[in-house]
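Asks: the amino acid sequence is not available; the structure is as follows:
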């Protein structure tokens, strides 16, 4: 669920950099409770969509697959596709959003007619 909020924060920062009043107004029009509800529903879906681990141990914390027997036999037990797709999609989304923010700020910095606003400077410091 935390990764959902990381993406939401990246979208918020992107909107600050884009600084379109129409888009910002549309984003702010959505109540905070709806964003929290969406995060909660996503967390529940991830919990339901993920299969539980067969055991919980210290070995699993240090090793991705604490296999005792042959990997061909044990690896399917630990395979969690939902978790893999989630991590990949969050990584790609955050990379795209922050790359777009950096691109917009670099373009504005090179353009003498446009000045980077105080909010955009704050966003660039937080990245």
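Replies: On my side now, so go ahead. On a predicted model such as this, the values are computed, not experimentally measured, just so you know. Numbering: from 1, shown residues only.
Asks: show me which residues of the host helix or strand of residue 109 are buried.
Replies: Secondary structure assignment for residue 109, by DSSP states H and E: helix 81-110. By 16 or more other CB atoms under 10 Å, the buried positions in helix 81-110 come out as 86, 90, 94, 97, 101, 104, 105, 108. Any C-beta I mention is one placed from the backbone N, CA and C, and that applies to glycine too.
Asks: tabulate the residues you listed (a markdown table), appending pLDDT and distance to residue 6.
Replies: Listed next are those as a markdown table, based on pLDDT from 0 to 100; distance: CB to CB, whole Å:
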| residue | pLDDT | distance to residue 6 |
| --- | --- | --- |
| 86 | 82 | 12 |
| 90 | 89 | 7 |
| 94 | 91 | 6 |
| 97 | 91 | 10 |
| 101 | 85 | 14 |
| 104 | 84 | 19 |
| 105 | 81 | 20 |
| 108 | 77 | 24 |
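Asks: pick out the most distant pair among the residues you listed.
Replies: The most widely separated members of the buried residues of helix 81-110, counting by CB to CB, are 86 and 108 (33.2 Å).
Asks: looking at the buried residues of helix 81-110, spot the one nearest residue 45.
Replies: Of all the buried residues of helix 81-110, residue 86 has the smallest distance to residue 45: 10.0 Å, by CB to CB.
Asks: contacting residues for the closest one?
Replies: Neighbouring residues of residue 86 by CB atoms under 8 Å, 6 or more residues apart in numbering: 3, 46.
Asks: tell me the helices and strands packed up against whichever strand or helix holds residue 33.
Replies: Assessed by DSSP H and E, residue 33 sits inside helix 32-49. Applying 3 or more CB pairs under 8 Å, 6 or more residues apart in numbering; DSSP states H and E, one finds that helix 32-49 contacts helix 2-18, helix 81-110.
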